[in-house]
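Chemist: Give the three-dimensional model of this entry:
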Amino acid sequence: MTIWTPTLQDNTPRYLALADALARDLATGRLRPGDRLPTHRELADLLGVTIGTISRGYAEAERRGLTVGEIGRGTFVRKQAGDDPWPRSPERASTVDFTLSLPVALPMERDLLAATLRELADEPDVNELLLYRPESADARQRQRAAAWLQRLGLAATPENLLVTAGSQHALNVVLSAVLGSGQVLLTEALTYPSMKSQARQYGVKLRAVAVDEGGLVPESLAQACLQEPRPKALYLIPSMHNPTTVTLSPQRREAVAALVTQHDLLLIEDDIFSFMMPDPPEPLAVRIPERAIYLSSVAKCLAPGLRTGFMMVPPPLRTRLLAAIHNTVWMAAPLMVEVATRWLADGTADRIIAAKREETQARQRLAAQILAPWTFAADPNGTHLWLTLPEPWSSDEFTARARECGVMVVGGGAFAVNRRDTPHAVRVSLGLPDRATLKCGLATIAEILSGTAGPNY
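Modeler: Numbers count the residues shown, from 1 in each chain. All right, here's what the predicted structure looks like:
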């Protein structure tokens, strides 16, 4: 049993403070997955509280997915395999990796990158790309990015736009600058796994909002806004949602924007997939720019290695968010930002996206053909699909079986805000393997579902 003495913050109910302390100590490494926690009585005596308080605290920690109770054995820090946003490396070279949500890589990108780097090398002021950028990026780079976002109808300007080292970094910046420990962040019941882990790191409490085949349910959002403690913000992936692939309709976008305004929420709109769509829908931030932080990135439409993201922010929050950028990585790498924003401005990005979209559509058609007997959701321009598992499969059992057969997928538990709501589904990302490997991996998934697959050693 782990000797653990939690530090409980004041001004918070003791049972919630206990769950918060467990989350903090897990994030900092003081507790590790698999650790056995003190018994209810031992911890009650140690902290000078009632056994009932400890029971409620442990129950809250289990609700957040931090612990698991085993009858006759005690309470343990839950092994985080299902919630780990970073997939493990394949165990065998022959393993087909469907875990990473990446755009397809194209041969043309090598030549385009080489040409851009040669162009930069010949410029007399290229050394300026090695200097600090106190405004997260220079004005010219921010102007290019603003013009790119204006295509969606956003009122983006160099003044209300910040550049980050990708959308992952942007989420870290927003959580650290705008939300504090113990505050409530609403999100879809199935959400981006990294949002879950970052919320734990900062002590932010996620509250799930129900989703259906149309995405986030406005009626559930309205109910979640009335629960105590009152939420401060809503995190939303409105287009080609990860993992469900759903794009919110204009009617639901209007309803969500109205509820955000009515309940004085801050909207964190994660719109990283929309530029893969030929005709992307209008962002919610167009309707409510004064209370929306809009996030975009080149990772899903160009190349993740460019590590360049864009954050359109309300003016009152700009100083705080810029400080948070400085406090994390100081700035996105100027060389990467220069490559990315040149491509946005000179038409290179449009060429790459068009080619990636064509290849992505071909991969989705291949997947639809191979997986036709089973139920799944997909967007023709999306890099993943959401496969509903037939009886008797659970997502954990299917993920383990797939790995035995040489295929890696992401189980539904990685996306579930509440563990009890884990769906019997897996996400299959189509962008990483080459076309031949993709076909073999999808065939293996079909064989597992039909009961004819054997281990692929």
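
Chemist: Excluding chain neighbours, give the residue nearest to Leu266 in space.
Modeler: Nearest residue to Leu266, sequence neighbours excluded (CB to CB, 6 or more residues apart in numbering): Ala233, at 4.1 Å. C-betas here are computed from N, CA, C, even on glycine.

Chemist: I misspoke; the intended subject was Gly411.
Modeler: Leaving aside its sequence neighbours, Gly411 sits nearest to Ser395 (CB to CB, 6+ apart; 3.7 Å).

Chemist: Tell me how many other residues surround that neighbour.
Modeler: Per other CB atoms under 10 Å, the neighbour tally for Ser395 reads 24.

Chemist: wait, doesn't it sit right on Arg419?
Modeler: No: contact between Ser395 and Arg419 fails when scored by CB atoms under 8 Å: they sit 11.5 Å apart.

Chemist: what do the two both touch?
Modeler: Counting by CB atoms under 8 Å, 6 or more residues apart in numbering, the contacts common to Ser395 and Arg419 are Gly413.

Chemist: from the middle of its chain, how far away would the helix ranked longest in the chain be?
Modeler: Counting by DSSP state H, the longest helix found in the chain is helix 348-370. Helix 348-370 sits 22 Å away from the centroid of its parent chain (CA atoms, centre = their mean, to the nearest Å).

Chemist: Next secondary structure element downstream of that helix?
Modeler: Downstream of helix 348-370, the first helix or strand assigned by DSSP states H and E is strand 376-378.

Chemist: What is that next one packed up against?
Modeler: helix 348-370, strand 384-388 (3 or more CB pairs under 8 Å, 6 or more residues apart in numbering; DSSP states H and E).

Chemist: 6 Å - rerun?
Modeler: Contacts defined by 3 or more CB pairs under 6 Å, 6 or more residues apart in numbering; DSSP states H and E place strand 376-378 against strand 384-388.

Chemist: Quick check: can you name the pairing partners of the strand it packs on and their directions?
Modeler: strand 376-378 (antiparallel), strand 425-429 (antiparallel) (DSSP bridges).

Chemist: Stretch 201-216 - what's its average pLDDT?
Modeler: The average of the pLDDT scores along stretch 201-216 is 95.

Chemist: How about stretch 188-195?
Modeler: For stretch 188-195, mean pLDDT is 95.

Chemist: Over to stretch 46-62?
Modeler: pLDDT averaged over stretch 46-62 gives 89.

Chemist: Over to stretch 294-312?
Modeler: Here the average pLDDT along stretch 294-312 is 96.

Chemist: okay, it in PDB with CA atoms only?
Modeler: Once non-C-alpha atoms are left out, stretch 294-312 reads as follows in PDB (Å, rounded to 0.1, in the frame of the first residue of the first chain):
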ATOM      1  CA  TYR A 294     -10.900  30.000 -31.600                       C
ATOM      2  CA  LEU A 295      -8.200  27.500 -32.200                       C
ATOM      3  CA  SER A 296      -6.800  26.300 -35.600                       C
ATOM      4  CA  SER A 297      -3.700  24.500 -36.700                       C
ATOM      5  CA  VAL A 298      -1.800  23.300 -39.700                       C
ATOM      6  CA  ALA A 299      -1.300  19.800 -38.100                       C
ATOM      7  CA  LYS A 300      -4.400  18.200 -39.600                       C
ATOM      8  CA  CYS A 301      -4.400  19.800 -43.000                       C
ATOM      9  CA  LEU A 302      -0.700  20.300 -43.800                       C
ATOM     10  CA  ALA A 303       1.900  18.700 -41.600                       C
ATOM     11  CA  PRO A 304       2.000  18.100 -37.800                       C
ATOM     12  CA  GLY A 305       5.800  18.600 -37.800                       C
ATOM     13  CA  LEU A 306       5.400  22.300 -38.600                       C
ATOM     14  CA  ARG A 307       4.000  22.700 -35.000                       C
ATOM     15  CA  THR A 308       2.100  25.900 -35.900                       C
ATOM     16  CA  GLY A 309      -1.300  26.800 -34.500                       C
ATOM     17  CA  PHE A 310      -3.400  30.000 -34.500                       C
ATOM     18  CA  MET A 311      -5.500  31.300 -31.700                       C
ATOM     19  CA  MET A 312      -8.000  34.100 -32.200                       C
END
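
Chemist: Which neighbouring elements make contact with the longest helix of the chain?
Modeler: helix 435-450.

Chemist: Next, the angle from the helix it packs on to strand 384-388.
Modeler: 10 degrees (axes from the mean of the first three to the mean of the last three CA atoms, to 10 degrees).

Chemist: what's helix 435-450 in contact with?
Modeler: By CB atoms under 6 Å, 6 or more residues apart in numbering, the surrounding residues in contact with helix 435-450 are Val96, Ala367, Ile370, Trp374, Arg401, Cys405, Val407, Ala453.
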